[in-house]
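Participant: this is a predicted model, with the sequence first.
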Amino acid sequence: EPEVTQTPSHQVTQMGQEVILRCVPISNHLYFYWYRQILGQKVEFLVSFYNNEISEKSEIFDDQFSVERPDGSNFTLKIRSTKLEDSAMYFCASRGDGVGYGYTFGSGTRLTVV
Amino acid sequence: AQTVTQSQPEMSVQEAETVTLSCTYDTSENNYYLFWYKQPPSRQMILVIRQEAYKQQNATENRFSVNFQKAAKSFSLKISDSQLGDTAMYFCAFMGGETSGSRLTFGEGTQLTVNP
């Protein structure tokens, strides 16, 4: 079963520092996503990415966030200057053609900002 | 904007019994997709079952089935013969059709505990 791989599984960072969360989507997938889940809360959409550009972003995804697909396999989420409230589980997901099949999610990166 | 509501924050069931988790949603779209995701303590998001709104037949996947009521905008998940490994948070999720983006909108989740 193909997987979406996320690294690291857990990252602790100082407030104000930059972090990069990494994801390797399923190889033949074309659409990529980042979601976050603050502890005890619902899963929230951050951004979708297709054809090397952002196709949709939420109000959460402000100027502190950016995404990149630097090569043919990685998909990264960068937070420029982390805040305490950025502490959350961040999920990467990907899907192929055919929106109705849903996504495959990675196992998440737990980000703790101290 | 679409909204998804799960009104049961927590539920419990005895092993081998059947349990139904509720979900309602609000949308003005006619074509959309609905999903149930399972999140065990590992916190990975695992797709359980999906339903296409234009299909009247309720989806089934082994012990998991849905009751999709389009007019009522209701999408409940039935788990038959519950197993200890079914203990998890369950999220209902909505995705619009091709013309309205492919973001998933999640409900608040229902924590299901299967007791031995």
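Facilitator: Thanks, I have it.
Participant: how about the residue of chain B found nearest chain A, what does it touch?
Facilitator: Closest residue of chain B to chain A, C-beta to the nearest C-beta: residue B:45 (3.8 Å). The way it works is simple: take the backbone N, C-alpha and C, and place the C-beta from them, glycine included. Shown in contact with residue B:45 (C-beta atoms under 8 Å, 6 or more residues apart in numbering or on different chains): A:43, A:91, A:93, A:105, A:108, B:37, B:38, B:39, B:91.
Participant: what about the last one, neighbour count?
Facilitator: I take that to be residue B:91. Residue B:91: 25 surrounding residues under other C-beta atoms under 10 Å in any protein chain shown.
Participant: three-state assignment of residue B:47?
Facilitator: Classification of residue B:47 using DSSP: H, G, I helix; E, B strand; the rest coil returns strand.
Participant: what sits closest to it if chain neighbours are left out?
Facilitator: Using C-beta to C-beta, 6 or more residues apart in numbering or on different chains and skipping residues adjacent in sequence, the residue nearest residue B:47 is residue A:102, 5.1 Å away.
Participant: show me what contacts that neighbour?
Facilitator: Taking C-beta under 8 Å, 6+ apart, one finds A:95, B:33, B:35, B:47, B:50, B:95, B:104 in contact with residue A:102.
Participant: stretch A:77-97: end-to-end distance?
Facilitator: End-to-end distance for stretch A:77-97, by C-alpha to C-alpha, to the nearest Å: 22 Å.
Participant: list the buried residues in it.
Facilitator: A:77, A:79, A:82, A:86-95 (16 or more other C-beta atoms under 10 Å in any protein chain shown).
Participant: does chain B sit close to it?
Facilitator: Yes. Stretch A:77-97 lies within reach of chain B by C-beta under 8 Å from any C-beta of the partner chain, at A:89, A:91, A:93, A:95.
Participant: so which of those comes closest to residue A:72?
Facilitator: Residue A:72 lies nearest to residue A:95 out of the residues of stretch A:77-97 next to chain B, by C-beta to C-beta, at 17.2 Å.
Participant: hmm, that closest one is touching residue A:28, no?
Facilitator: No. Between residue A:95 and residue A:28 there is no contact under C-beta atoms under 8 Å: 10.5 Å.
Participant: circling back to that earlier point, so what's the residue of chain B closest to chain A closest to, chain neighbours aside?
Facilitator: Using C-beta to C-beta, 6+ apart, the closest residue to residue B:45 is residue A:105 (3.8 Å).
Participant: check residue B:34 and give its pLDDT.
Facilitator: Note on residue B:34: pLDDT of 95.
Participant: now the strands for chain A?
Facilitator: Using DSSP state E, the strands of chain A run over residues A:5-7, A:10-13, A:19-24, A:31-37, A:43-50, A:53-57, A:65-68, A:75-79, A:88-95, A:104-105, A:109-113.
Participant: pipe those strands into TSV and attach distance to residue B:71 and mean pLDDT per row.
Facilitator: What follows is these, written out as TSV (distance: least, C-beta to C-beta, whole Å; pLDDT from 0 to 100):
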stretch	distance to residue B:71	mean pLDDT
strand A:5-7	39	95
strand A:10-13	45	97
strand A:19-24	39	97
strand A:31-37	30	95
strand A:43-50	27	94
strand A:53-57	29	93
strand A:65-68	39	96
strand A:75-79	39	97
strand A:88-95	29	95
strand A:104-105	31	93
strand A:109-113	40	97
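Participant: so for residue B:77, which of the ones you listed sits nearest?
Facilitator: strand A:43-50 (16.5 Å).
Participant: hang on, the earlier thing: from residue A:5, how far off is the residue nearest to residue B:45?
Facilitator: Applying C-beta to C-beta, to the nearest Å, the value for residue A:105 to residue A:5 is 11 Å.
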